[in-house]
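# Pasting the sequence and the predicted model now:
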Amino acid sequence: MSSPIRLAITHVTTYSYDQPVHYALQQLRLVPRSGHGQTVLDWSSTITGGTKQASFSDQFVNHTELVKVDAGATRIEIRSEGTVEVEDNHGIIGTHKGFAPLWLFENPTPTTSPGPAIRALARQLRAEQDGADTLAQLHALSAMILSQVSYETGRTNSDTTAESALTAGHGVCQDHAHIMIAAARLLGHPARYVSGYLMMNDRVDQDASHAWCEVWTEALGWVGFDVSNGISPDARYVRVATGRDYRDAAPIMGIRQGPGDEHLQVSLQVQQ
Amino acid sequence: MADTGSTFDEMLARSDQPRPPYESYFQWFANEDLKDLRRKSREAEAFFRRIGITFNVYGQDEADERLIPFDIVPRIISAREWATLERGIEQRVRAINAFLHDIYHRQEILRAGRIPKEIISKNTAFLPEMIGVNPPGGVYTHIVGTDLVRTGENEFFVLEDNARTPSGVSYMLENRETMLQMFPELFSQLKVRPVSAYPQLLRRSLADCAPEGLTDRPTVAVLTPGIHNSAYFEHAFLADQMGAELVESHDLVVENGRVAMRTTQGYHPIDVLYRRVDDDYLDPLTFNPDSLLGVPGIMDVYRAGNITIANAPGTGIADDKALYSYMPDIVEFYTGERAILQNVPTWRCSEADSLAYVLDHLSDLVVKEVHGSGGYGMLVGPAASKKEIAAFEKKLRARPSNYIAQPTLALSTVPILSKAGLAPRHVDLRPFVLVSPNKVEITPGGLTRVALKKGSLVVNSSQGGGTKDTWVLGD
């Protein structure tokens, strides 16, 4: 096994509002935990323009925080930064932990419920990979999804379902993960969504936080698949939150009362 | 609907001689003038109208407000009968709380194979957001309304557990208030145990479930969906009687890590929220994002341990009708004792053999939707026409796992005051149970619902049922 690498991450999310905020809350899942081959050496989150209200560990043991935007604010900055040491485990996460039962990851969610396209994908996989072992099948599934759904930003959003992204034939990492989750569940494997960070080798400034999926296999437990990059996660991947789909693991979920538009700006640096 | 078999009348079971708990009342009644009683009955109705206890009927085109009819003949339960019911209800409620803790933590009961996994995993009442959550004081069901029916001298059955938001307690209180005004002499003759302390007990029980270490004197509030809800009267009534604030979603905010209500003096934090809003609407940030009835962020404050929500979210899994048939096993699994109160035999239509039996016997059975309540969407076989049965059969075949079936029980009767004098009508009973970290308290009495139509077995107020005062006698 190669020696672990140390990743320094700085993730700054800024919401600017056209009009002073009357009342708004943000639910954050932005703090990575140690375990499964990653060790959080230091981590801090700082809020400017808002106040932390609650923090707890959710049903998937994600560290979750509730932040209230200060009344009258026109801008809130959520700064999440730290250092994480990661081993390359070839995507193998292993045993299932926590109270959330495995069967929870077998059930479809509104975003991942299969339609004709997902069913056809699962049929195609069964036909082409008949007799192959589970792991080989899942790698083949990942490759099939990437070949059928090209990586294109700006054409899908956080509400896009797995079925519609597959039908459209384009999407981002979130859509790739949702499609793989939907198909894996249809094939009888528990599957979950992972949101986190990826250090792309050629750059320090990353476009956005990353998402991939993990599928449960009898032989190895949870195994990660990054469909968008056609690999299983290695030492450049930091897991932050997991869940049944994006909605469970979203880095930030917000609710706001009052008029006006908001503008989102994200800056993310991941470097060794 | 025709009665099946012999019916147990709680006043006159054997002959014209009343059963012991009814002896004094029967004698008193024999000396009363029917005309006077009918006048008092009309007065009682006027009284209810004046104080405004009405009930919105779902399933009608216009949800008009209607008075639930009140019958002035009390239902009387002896001290000995009550003692058994009390023990049985307490056992069942403790088992339900242990079950809820287990199902949201280690799920030992599934590992042990005592109930099938699918009953939980395919159930929309199971709330993943409650996994690993420890409600303050370990209490899940702060208020339970156990529906009981009787078929004989010693035959009581639990019909439903109502572990999410049992309603009707305001009727129990107002019915007693009315009876005390109408018939003070009866209460001086008979030792009827009082129910009037319920609001104070409710307040104390809820306060005892407040998160630890926040305040010495917990603030309790009642969250109502608003005036258009069918039980709004009860929400307002209970808040008033408890001395608690009645709040709606727009009154509440997250402030300083707590859920707080707006007051003229600023924000005041709430320790215990007795919510009469369903799980799905409770928090748009965590559950249904379109809900306007809930409090965004309350689930976060709750999971951080800084508010008590009564009843806890996700308790609906315990009163699901598919799970109901496993209640005797659940009681045994968590208490190590046999269930004191019987379950009604139940066919699970999800099972092929049961479904076949049910389809063959639709005209004899009561078929209910697994998630239904209020008597909506059910088939009462013996009362249904051939056409109704055929239509229901279609629905049942399409989604068998959505239904359970039970025999039509020969529910006991208690007389009502009819034009011709006393006339037997079928009844059920909903006692109200309060659970706090240290105790389970059952108010002696409850809501007796009565099917006012001769021979009818459907007691739901939404289906033409009425209510009676319920007297539990002291020793």
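Received, thanks.

# need the helix or strand of the chain with the lowest average pLDDT.
Defaulting to chain A. Every helix and strand in chain A was compared by mean pLDDT, DSSP states H and E; the lowest is strand A:205-206, with a mean of 79.

# wait, chain B
strand B:55-56 (a mean of 48).

# Give me the most central residue, the chain.
Picked chain A for this. Most central in chain A under Cα atoms, centre = their mean is residue A:195, positioned 2.1 Å from the mean C-alpha point.

# meant chain B, my bad for not saying
Nearest to the mean C-alpha position of chain B, by Cα atoms, centre = their mean, lies residue B:145 at 3.4 Å.

# okay but that one is in contact with residue B:431, surely?
Yes - shown here, residue B:145 and residue B:431 form a contact pair, counting by Cβ atoms under 8 Å, at 7.3 Å. Heads up, the C-betas are built off the backbone N, CA and C, glycines and all.

# who touches both of these two?
By the contact definition Cβ atoms under 8 Å, 6 or more residues apart in numbering or on different chains, residue B:145 and residue B:431 are jointly contacted by residue B:446.

# Which residue, other than its chain neighbours, is closest to residue 181?
Assuming you mean chain A. Nearest residue to residue A:181, sequence neighbours excluded (Cβ to Cβ, 6 or more residues apart in numbering or on different chains): residue A:191, at 4.2 Å.

# wait, chain B
Per Cβ to Cβ, 6+ apart, closest to residue B:181 is residue B:47, 7.4 Å.

# ok, the one you found - how many residues close by?
16 (other Cβ atoms under 10 Å in any protein chain shown).

# For the helix or strand that contains it, name the packing helices and strands.
Taking DSSP states H and E as the criterion, the element that holds residue B:47 is helix B:34-51. Applying 3 or more Cβ pairs under 8 Å, 6 or more residues apart in numbering or on different chains; DSSP states H and E, one finds that helix B:34-51 contacts strand B:70-77, helix B:169-182, strand B:413-418.

# Stretch A:35-55 near chain B anywhere?
Yes - for stretch A:35-55, a contact with chain B is found by Cβ under 8 Å from any Cβ of the partner chain, at A:52-55.

# Return a ChimeraX selection command for the buried portion of the residues you listed.
In ChimeraX syntax, the buried subset of those is picked out as below (16 or more other Cβ atoms under 10 Å in any protein chain shown):
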select /A:53,54,55
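
# Could you point out which of the residues of stretch A:35-55 next to chain B is nearest to residue B:100?
Ranked by distance to residue B:100 (Cβ to Cβ), the residues of stretch A:35-55 next to chain B are led by residue A:54 at 22.6 Å.

# ok, for the closest one, nearest residue in space, not its chain neighbours?
residue B:304 is the one closest to residue A:54 (Cβ to Cβ, 6+ apart), at 3.7 Å.

# just checking, what packs against the helix or strand where residue B:301 lies?
Using DSSP H and E, residue B:301 falls within helix B:298-303. Under the contact definition 3+ Cβ pairs under 8 Å, 6+ apart, helix B:298-303 sits against strand A:50-57, strand A:63-69, strand B:252-255, strand B:258-263, strand B:308-310.

# if we compare those strands, which one ends up closest to residue B:42?
Closest approach to residue B:42 among the helices and strands packed on helix B:298-303 (Cβ to Cβ): strand B:308-310, 38.1 Å.

# Report how many residues lie close to residue B:387.
Counted with other Cβ under 10 Å, residues neighbouring residue B:387 total 8.
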